[in-house]
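Visitor: Got a predicted model here, sequence first, then my questions.
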Amino acid sequence: MNNLRRKALLGAGCFSLALIGTAHAGGLERGGYNIDLLFDPAPVAGELSGTYVMPERKIKNAVDTDTSSAFPPPVTGRGGGDLNSRSGSADDSESYFVPRMGIKVGVGDHLDCMGDYSQPWGIHSAPGLNWAGANSNIETKIESENFAATCSYKMDAGKGQFRFIGGVFYQDISGFKERLVQDFTGFPVPFTGVGRIDLEGNGVGWRIGAAYEIPEIALRASLVYNSEVDLGDVTGDVDLTQVPGRGVIPVIGTASMPQSVEFKVQSGIAPGWLAFGSVKWVDWSVLQIVNFCAVGAPVGCTFGGPSFVTSLDLLYRDGWTVSGGIGHKFNDQWSAAATLTWDRGTTTGLSTQTDTWTVGAGASFSPTKNVELRFGGAIGILTSGSVGVVTDEDGIPHGTDVSYDFGDDLVTALSASFKVKW
């Protein structure tokens, strides 16, 4: 097999090997979007992959900054009582698994189409009940499902081929949050004082892009735009049955998942060697304060308004992810890649999502020309910061319930995938 052919084969899998370096990004990003399977040169290719991410974010120096208490507590109140006798530290993050599956089919010499399932967005924070910030968060979990269809049309252009890319996707977002509404410690009442909100919404998005490839030198450059997904009416319930005199309140709000743009490039740089990199922007600033108001209320849903029940206070800023790496093909069966990734944190002071630096490495094993196994690992640093009061563009303060710090923490990940080609 000649060296140019080796570089072409290496280029087909390197981006997938590098994905685990971006497995723990800012905002609500989890698996993100990935259409690399669309570029596989085989007439038919199917892939199943999974990544297990283990962040170890730890909270310290937590202080309950809103110790107010009322009985019965107000529906929109944050105080919950004085929790400063509880621990000032907590484990904030939970490990999670990110699956992905897809199949790509070539139709003639010019058209390729791919269908895939993924979980692009998600978050799981569970510091628990016994810390000083339980009036802000006991557990928050958001999950997503994404079903997509993407096609490309390619044509000869110069020494290579140019592709037009387009597709649509459907997303379902669901989740819950629990916090302490009222502390009943020391009171002989059969109530926990914990409130919970459950939410769900869905919407449709689209993507468009272009790519240029020269397979003989493993060159590929692609630019893909993914649209915002309007979730329409996000509906759910606020359950206050663990607070005396309260019940279940149906609520409604509006939210959108962010648009994004990603540029990727790779090229053979020597026989059997490949360099690759990517830059991605995600419009996380679309998620600021998400208000939820009582269903059927006669007035608009504004923060603190007559129908206001609760809110998800995010105040995210836009996210940027920059990744680069190098790969090498040792022989017809084995190749490997290593990456370095920087992800700009999306927090403006209300969460622990600061900058992340990650180093990843992976290997690819092809026992036959029709089967490919990939596996890898990553280790990274979640940089330090603090959480406290942040004022939004309308001059309204948020984060008045708790303040805390966090240091440089560790995140690790393991990934594996199985691809079959016909």
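Guide: Here it is on my side, so go on.

Visitor: Residue 369 contacts residue 422, correct?
Guide: No - at 10.5 Å, residue 369 and residue 422 do not qualify as touching, with contact defined as C-beta atoms under 8 Å. The way it works is simple: take the backbone N, C-alpha and C, and place the C-beta from them, glycine included.

Visitor: Tell me where the stretch 301-422 of the chain has strands.
Guide: Applying DSSP state E, counting those that start in this stretch to the stretch 301-422 of the chain gives strands spanning 308-313, 319-329, 334-343, 356-368, 371-382, 385-387, 390-391, 397-398, 402-406, 409-421.

Visitor: how about low-confidence regions in the protein?
Guide: 1-23, 70-79, 298-300 (pLDDT under 70).

Visitor: Residue 279 against residue 324, yeah?
Guide: No - if you go by C-beta under 8 Å, residue 279 and residue 324 don't touch, sitting 9.5 Å apart.

Visitor: Residue most distant from the centroid, the chain?
Guide: residue 188 (42.3 Å; C-alpha atoms, centre = their mean).

Visitor: Does that one belong to a helix, a strand or coil?
Guide: The three-state assignment at residue 188 reads coil, by DSSP: H, G, I helix; E, B strand; the rest coil.

Visitor: My guess is residue 273 contacts residue 325. True?
Guide: No - using C-beta under 8 Å, residue 273 makes no contact with residue 325, being 11.5 Å away.

Visitor: what about these two, which has more around it?
Guide: residue 325 (24 against 17; other C-beta atoms under 10 Å).

Visitor: Spatially nearest residue to that one (excluding sequence neighbours)?
Guide: residue 339 (3.4 Å; C-beta to C-beta, 6 or more residues apart in numbering).

Visitor: who does that neighbour bridge with?
Guide: residue 325, residue 360 (DSSP bridges).

Visitor: how near is it to residue 215?
Guide: 22 Å (C-beta to C-beta, to the nearest Å).

Visitor: same thing with residue 254?
Guide: Residue 254 is 46 Å from residue 215, where distance means C-beta to C-beta.

Visitor: same thing with residue 401?
Guide: 56 Å.

Visitor: Comparing the two, which shows the higher neighbour count?
Guide: residue 401 (23 against 19).

Visitor: ok, that one touching residue 133?
Guide: Yes - contact criterion C-beta under 8 Å: residue 401 and residue 133 qualify, at 7.2 Å.

Visitor: who touches both of those two?
Guide: residue 64 (C-beta atoms under 8 Å, 6 or more residues apart in numbering).

Visitor: which ones are touching the residue most central in space within the chain?
Guide: Centroid check for the chain by C-alpha atoms, centre = their mean gives residue 29 as the closest residue, at 1.3 Å. Counting by C-beta under 8 Å, 6+ apart, residue 29 makes contact with 120-121, 282, 319.

Visitor: Tell me what it is bridged to.
Guide: Applying DSSP bridges, one finds that residue 29 bridges with residue 121.

Visitor: cool, residue 273 as well?
Guide: Under the criterion used (DSSP bridges), residue 273 bridges to residue 270, residue 328.

Visitor: now swap in residue 170 and tell me
Guide: residue 147, residue 204.

Visitor: Repeat that for residue 54.
Guide: Bridge pairing for residue 54 - DSSP bridges - gives residue 412.

Visitor: Count the residues that sit near it.
Guide: 16.

Visitor: Over to the one 5 residues further on?
Guide: Taking other C-beta under 10 Å as the neighbour definition, residue 59 ends up with a count of 26.

Visitor: Then it would be within a helix, right?
Guide: No - assessed by three-state DSSP, residue 59 does not belong to a helix; its assignment is strand.

Visitor: pretty sure it is touching residue 133, no?
Guide: Yes - with contact defined as C-beta under 8 Å, residue 59 counts as touching residue 133 (7.4 Å).

Visitor: okay, and the common contacts of the two?
Guide: 90, 127, 404.

Visitor: Quick check: the last one vs residue 57, distance?
Guide: Right, the one you point to is residue 404. According to C-beta to C-beta, residue 404 and residue 57 sit 11 Å apart.

Visitor: And the helices in this structure?
Guide: Applying DSSP state H to the chain gives helices spanning 3-18.

Visitor: Please list all residues in contact with residue 233.
Guide: Taking C-beta under 8 Å, 6+ apart as the test, what residue 233 contacts is 201, 252-254.

Visitor: go again using 6 Å as the cut-off
Guide: Counting by C-beta atoms under 6 Å, 6 or more residues apart in numbering, residue 233 touches residue 252.

Visitor: thought residue 118 was touching residue 100?
Guide: Yes - using C-beta atoms under 6 Å, residue 118 is in contact with residue 100, at 4.7 Å.

Visitor: Run a quick neighbour tally on residue 117.
Guide: Neighbours of residue 117 (other C-beta under 10 Å): 14.

Visitor: I'd say it and residue 100 touch.
Guide: No - the pair residue 117 / residue 100 is not scored as a contact, 7.1 Å apart, by C-beta under 6 Å.

Visitor: Mutual contacts of those two, please.
Guide: With C-beta under 6 Å, 6+ apart as the test, residue 117 and residue 100 reach no residue in common.

Visitor: Give the PyMOL command for selecting the buried subset of the shared contacts of residue 59 and residue 133.
Guide: Provided next is the PyMOL selection string for whichever of these are buried by 16 or more other C-beta atoms under 10 Å:
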select buried, resi 90+127+404
